[in-house]
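In: Show me the folded form of this:
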Amino acid sequence: MEQTDKAEKISITLPPDMLASIKDKVQSGVYGSTSEVIREAMRLWQRNEEEYQARIALIQKRLEQSANSGQTVPIDDAFDQIEQLHQQRMNMEKNEGL
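Out: Below you'll find the predicted structure:
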């Protein structure tokens with residue numbers, strides 16, 4: 001576990017169901033103290049935040065690459081092209097079925 005210079009004691013307020021879950025884990029021996037449970041929860045939250053930020057950065061990078069990749073296509077033209085491709089595929093499947 002990564003240690004900082006000095007741990008600081010804080011006080012938090014939890015709803016009864018969360019507190020009961022924490023106490024159950026400590027009483028069952030899964031964790032040695034309520035502080036251990038909270039530290040584990042914080043580690044998971046930090047990891048989730050890091051993964052979220054990495055996903056956002058990747059999406060932003062892809063959007064930037066897409067924006068810089070070439071000429072833009074008006075949305076109506078794009079849908080027309082998709083419709084044409086769909087019709088071609090449907091015709092091919094129809095002809096293959098004969």
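In: quick one: secondary structure of residue 57?
Out: helix (DSSP: H, G, I helix; E, B strand; the rest coil).
In: Tell me the helix or strand right after the helix or strand that contains residue 36.
Out: Taking DSSP states H and E as the criterion, residue 36 maps to helix 34-67. Next helix or strand after helix 34-67 toward the C-terminus (DSSP H and E): helix 75-96.
In: quick one: average confidence on that next one?
Out: For helix 75-96, mean pLDDT is 92.
In: Mind listing what's buried along it?
Out: By neighbour count with 16 or more other CB atoms under 10 Å, helix 75-96 contains no buried residues. (Each C-beta comes from the backbone N, C-alpha and C, glycine too.)
In: hmm, who's touching that helix?
Out: residue 73 (CB atoms under 8 Å, 6 or more residues apart in numbering).
In: CA atoms of it as CSV?
Out: Provided in CSV are the C-alpha atoms of helix 75-96 (Å, rounded to 0.1, in the frame of the first residue of the first chain):
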residue,chain,number,x,y,z
ILE,A,75,-25.4,14.4,-42.7
ASP,A,76,-28.0,13.9,-45.4
ASP,A,77,-25.4,12.7,-47.9
ALA,A,78,-24.0,10.3,-45.3
PHE,A,79,-27.5,8.8,-44.7
ASP,A,80,-28.1,8.6,-48.4
GLN,A,81,-24.8,6.6,-48.8
ILE,A,82,-25.8,4.3,-45.9
GLU,A,83,-29.2,3.7,-47.5
GLN,A,84,-27.6,2.9,-50.9
LEU,A,85,-25.2,0.5,-49.3
HIS,A,86,-28.1,-1.1,-47.4
GLN,A,87,-30.1,-1.5,-50.6
GLN,A,88,-27.1,-3.0,-52.4
ARG,A,89,-26.7,-5.6,-49.6
MET,A,90,-30.4,-6.4,-49.5
ASN,A,91,-30.3,-7.0,-53.3
MET,A,92,-27.3,-9.2,-53.1
GLU,A,93,-28.8,-11.3,-50.3
LYS,A,94,-32.1,-11.5,-52.3
ASN,A,95,-30.2,-12.6,-55.4
GLU,A,96,-28.1,-15.2,-53.4
